[in-house]
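Q: Sequence first, then the predicted structure, then my questions.
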Amino acid sequence: CADFVASKQMQNIRMELRGKAVVLMGKNTMIRKALEMGHLAHPDAGMDVLRSNIRGNIGFIFATNCQLDDIREVLAKHVRDSAAKSGQMAKANLGLPAGP
């Protein structure tokens, strides 16, 4: 999921993968529509399964001149914590003791 990824963070990932892989980010509705059209043209390709599993903001990385492990290393290197935003669900339980 590409939620809460800073634009500078994405730029750094793209620059590091340049020449090795293609990073494709787009509008969710356009990606879903393209997968639907692809499924109609090629029903055996499994694009309907891919489309049904898309949740939230997503992007695709197509490896052109590298292995999947190389892409995983680049992504792992660029993982950053993000500040909490209003309305966001916590990824961990947090308990605060009662104050004075």
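A: Yes, it's here. The structure displayed is predicted, hence computed values, not measured ones.
Q: any weak-confidence spans in the chain?
A: 1-3 (pLDDT under 70).
Q: name the helices or strands packed onto the longest helix seen in it?
A: Looking across the chain with DSSP state H, the single longest helix is helix 28-41. Judged by 3 or more Cβ pairs under 8 Å, 6 or more residues apart in numbering; DSSP states H and E, helix 28-41 is in contact with helix 47-52. All C-beta spots, glycine's among them, are computed from the backbone N, C-alpha and C.
Q: And the strands in the chain?
A: Listed in chain order, the strands of the chain (DSSP state E) span 21-25, 59-63.
Q: tell me the angle the longest helix of the chain makes with strand 59-63.
A: 60 degrees (axes from the mean of the first three to the mean of the last three Cα atoms, to 10 degrees).
Q: what's helix 28-41 in contact with?
A: The contact list for helix 28-41 (Cβ atoms under 8 Å, 6 or more residues apart in numbering) reads 45, 47, 48, 50, 51, 54, 56, 57, 58, 60.
Q: Check stretch 58-76 too.
A: Stretch 58-76 is contacted from outside by 1-2, 13, 16-17, 19-26, 28, 31, using Cβ under 8 Å, 6+ apart.
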